[in-house]
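In: My questions concern the predicted model and sequence given below.
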Amino acid sequence: MYKLLKISMLFLIFILNESCNSPNPNFIDVQNDDGDVIVDLPRTADDVRNDFQNFDFQPGINDVSLESTTEGLFWNFRIIIPEEAGPLNKKPLIFSLHGGAQNVSPNAHKSTDCLITPALDGIIDAFIISPNSNAKLWYDPSNQIQILALFDLATSYLPIDIDKTAITGYSDGGNGSWFYAQYFSSMFSAAIPMATSYNTKKSNGSIEKIEIPLYVIHGADDLLFPVATTQGYVEESIAAGSDIQFFIAPGLDHYAVCDYTPYLRDAAQWLVSNIWN
């Protein structure tokens with residue numbers, strides 16, 4: 001309960017900051033009987049919550065566009081609802097972050113059939129949220145707001161087991177999953193980065209322990225992110241006290257995204273057997 005309240009408070013802080021910093025907030029003119037404007041009401045976090053609650057989510061794939069508190073800024077995401085989910089049968093939650101640094105595709109979040117869905121099939125019956133990065137890096141402040149907000153909305157209004165949450169991603173999405181494991185560890189019980197090159201060293205040169213376990217997967221033939229570089233980052237983080245399992249996928253290059261499926265299936269089994277048991 002404490003974790004959920006903490007995340008809710010973070011969501012409200014972020015969402016209010018977003019509204020205050022927006023040059024074009026969505027104002028609604030409230031007028032008196034003479035037609036004079038007497039007050040301006042911006043779109044609020046409550047409006048976002050109400051819109052989320054009004055979506056008619058169905059079991060299976062739901063592709064959603066949710067307006068934030070900033071006029072014209074929409075969070076586009078796919079949410080996959082488990083068939084048997086309900087108040088008496090809560091399910092895990094997994095965030096899946098797509099690859100492609102600053103990916104401009106409006107459908108980037110719809111690529112769930114390639115990796116995350118087949119990897120979890122028969123192992124974890126979970127809510128899957130796959131957001132669109134809006135052509136920005138996953139640790140861009142706007143995407144931090146999006147991830148925190150979607151986490152808060154999902155755990156507030158859907159039958160999710162708050163003790164069984166994880167984040168995964170590929171390439172830039174893998175870097176994002178590292179980032180949220182490092183800086184928002186209270187949200188997730190584990191992270192599964194794939195094909196990444198993420199340095200946990202801070203600007204002052206320090207490396208701190210990551211508070212949740214990670215299962216890192218990397219292709220042996222990745223030329224974009226050489227495996228030796230990623231392994232070095234992993235070893236530095238382990239030396240700082242982090243709990244990291246590191247697996248090298250033989251023969252896989254950086255663009256063999258779907259071929260990571262059996263390795264992600266192993267990671268899903270690790271989640272069930274070692275983290276959520």
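Out: Good, I have the coordinates.
In: in the stretch 101-250 of the chain, which ranges drop under the pLDDT threshold?
Out: Across the stretch 101-250 of the chain, nothing is flagged by pLDDT under 70.
In: any idea where the helices of it begin and end?
Out: 116-120, 141-157, 172-183, 227-239 (DSSP state H, counting those that start in this stretch).
In: Can you tell me which of these is nearest to residue 90?
Out: Between residue 90 and the helices of the stretch 101-250 of the chain, the tightest spacing by Cβ to Cβ is seen for helix 141-157, at 10.1 Å. To be clear about C-beta, it is placed using only N, CA and C from the backbone, and glycine gets the same treatment.
In: if we can go back for a sec, looking at the helices of the stretch 101-250 of the chain, which is buried most?
Out: Among the helices of the stretch 101-250 of the chain, helix 172-183 has the highest mean neighbour count (mean count of other Cβ atoms under 10 Å), at a mean of 25.
In: relative to helix 141-157, how tilted is it?
Out: 70 degrees (axes from the mean of the first three to the mean of the last three Cα atoms, to 10 degrees).
In: any idea how far helix 172-183 is from the chain center?
Out: Distance, stretch centre to chain centre, for helix 172-183: 9 Å (Cα atoms, centre = their mean, to the nearest Å).
In: got the CA coordinates for it in PDB?
Out: These are the backbone C-alpha positions of helix 172-183, laid out as PDB (Å, rounded to 0.1, in the frame of the first residue of the first chain):
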ATOM      1  CA  ASP A 172      16.500   2.000 -26.500                       C
ATOM      2  CA  GLY A 173      13.700   0.300 -24.600                       C
ATOM      3  CA  GLY A 174      16.200  -1.900 -22.800                       C
ATOM      4  CA  ASN A 175      18.100   1.300 -21.800                       C
ATOM      5  CA  GLY A 176      14.800   2.600 -20.600                       C
ATOM      6  CA  SER A 177      14.200  -0.500 -18.500                       C
ATOM      7  CA  TRP A 178      17.700   0.000 -16.900                       C
ATOM      8  CA  PHE A 179      16.900   3.600 -16.200                       C
ATOM      9  CA  TYR A 180      13.600   2.900 -14.400                       C
ATOM     10  CA  ALA A 181      15.200   0.100 -12.500                       C
ATOM     11  CA  GLN A 182      17.800   2.500 -11.300                       C
ATOM     12  CA  TYR A 183      15.700   5.500 -10.500                       C
END
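In: re earlier: just send the helices of the stretch 101-250 of the chain back as JSON lines, with distance to residue 265 too.
Out: JSON lines is the format used below for the helices of the stretch 101-250 of the chain (distance: least, Cβ to Cβ, whole Å):
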{"stretch": "helix 116-120", "distance to residue 265": "5"}
{"stretch": "helix 141-157", "distance to residue 265": "24"}
{"stretch": "helix 172-183", "distance to residue 265": "17"}
{"stretch": "helix 227-239", "distance to residue 265": "21"}
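In: any idea how far the longest strand along the chain is from the chain center?
Out: Criterion DSSP state E: the longest strand present in the chain is strand 160-170. The chain centre lies 8 Å from the centre of strand 160-170; the measure is Cα atoms, centre = their mean.
In: Skipping adjacent residues, who's closest to residue 157 in space?
Out: Nearest residue to residue 157 in three dimensions, chain neighbours excluded: residue 53, at 5.5 Å (Cβ to Cβ, 6 or more residues apart in numbering).
In: and that neighbour, how many neighbours does it have?
Out: 12 (other Cβ atoms under 10 Å).
In: I believe it is in a strand; please confirm or correct that.
Out: No: using DSSP: H, G, I helix; E, B strand; the rest coil, the secondary structure at residue 53 is helix, not a strand.
In: what does the model give it for pLDDT?
Out: At residue 53, the predicted lDDT confidence score is 97.
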